[in-house]
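K.L.:
Structure, please.
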Amino acid sequence: MLNDEETLAYIRAAKSGDAAAKETLLRENASLLKSIVKRYLGKGVEFDDLFQLAGMGLLKAIRGFDERFGVKFSTYAVPMIAGEIKRFMRDDGSVKVSRAVKGLAKKMNAFVEDYTLRCGMAPSVGQIAEQFGVEESEAVFIMGSSRMPVSIYGQEEGRDEDARGLLDKLPSADDQDELIEKMQLKSAIAALPERDRKVIFLRYFRDMTQSEVAEVIGVSQVQISRIESRIVSEMKEKLG
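P.N.:
Purely as a prediction, here's the structure:
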């Protein structure tokens with residue numbers, strides 16, 4: 001396997017149109033592709049077809065990778081590769097996430113929520129991986145199998161009219177960038193002032209209404225609405 005510096009050098013060359021660099025990245029990441037492909041064997045798609053899909057996902061990861069993300073290329077590439085396979089199998093009605101993965105994803109959700117409540121900020125991918133004794137790429141794969149936290153992405157009926165998921169209010173050009181958006185979102189939340197962070201945590205991690213948050217914070221529901229709108233607007237600017 002290439003080290004981080006070599007990988008970045010080949011990615012830069014590949015983005016400049018160097019076909020040989022792309023071939024090198026595909027060859028040197030073959031073990032990563034195979035490890036991901038193994039998760040989808042026995043679901044009606046042949047290994048060679050899955051491996052080809054994984055390669056397409058890797059090429060998309062090469063094109064989309066930005067060093068400013070602050071993550072290893074493999075960490076970024078895993079959900080892109082898995083996403084390429086899952087999208088194909090989803091369209092074919094074949095993909096199923098195992099109970100074990102779902103269970104671990106649920107535990108990770110609980111850990112993230114508890115950590116955020118205790119520390120006022122979400123844990124990093126590295127901290128999650130360490131907590132569950134897995135590699136960072138493995139943690140990313142598992143988290144990608146279950147949107148987390150759920151309350152960020154959806155809203156039950158009967159809640160506030162403006163209570164859409166926070167990520168629904170942020171621009172997203174491609175579902176494959178979802179993981180990176182989550183990472184950026186966590187950093188943005190961690191940088192908020194204490195009261196703003198608490199408002200966001202209660203609204204989107206505890207799934208509380210604006211009125212319920214207002215009661216906890218000690219202000220009016222209108223003020224919470226204004227605070228929330230301001231935070232969302234600021235995050236839109238930061239996350240572009």
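K.L.:
mind showing which ranges of the protein have poor pLDDT?
P.N.:
The chain contains residues with pLDDT under 70 at 69, 91-99, 137, 141, 144-188, 206-207, 238-240.
K.L.:
domain assignment for this protein?
P.N.:
Domain segmentation of the chain under automatic domain parsing yields 4-91, 99-239.
K.L.:
Export the helix or strand where Lys86 lies to CSV, keeping only CA atoms.
P.N.:
For Lys86, the host element (DSSP states H and E) is helix 73-91. Taking C-alpha atoms only, helix 73-91 is exported to CSV below (Å, rounded to 0.1, in the frame of the first residue of the first chain):
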residue,chain,number,x,y,z
PHE,A,73,-7.9,9.3,1.3
SER,A,74,-8.9,5.7,2.4
THR,A,75,-11.4,7.1,5.0
TYR,A,76,-12.9,9.3,2.3
ALA,A,77,-12.9,6.6,-0.4
VAL,A,78,-14.6,3.8,1.6
PRO,A,79,-18.2,5.4,1.6
MET,A,80,-17.7,6.4,-2.0
ILE,A,81,-16.8,2.9,-3.1
ALA,A,82,-19.6,1.3,-1.0
GLY,A,83,-22.0,3.9,-2.2
GLU,A,84,-21.3,3.0,-5.8
ILE,A,85,-22.0,-0.7,-5.0
LYS,A,86,-25.1,0.0,-2.8
ARG,A,87,-26.6,2.3,-5.4
PHE,A,88,-26.3,-0.4,-8.1
MET,A,89,-27.7,-3.1,-5.8
ARG,A,90,-30.4,-0.8,-4.4
ASP,A,91,-31.7,-0.1,-7.9
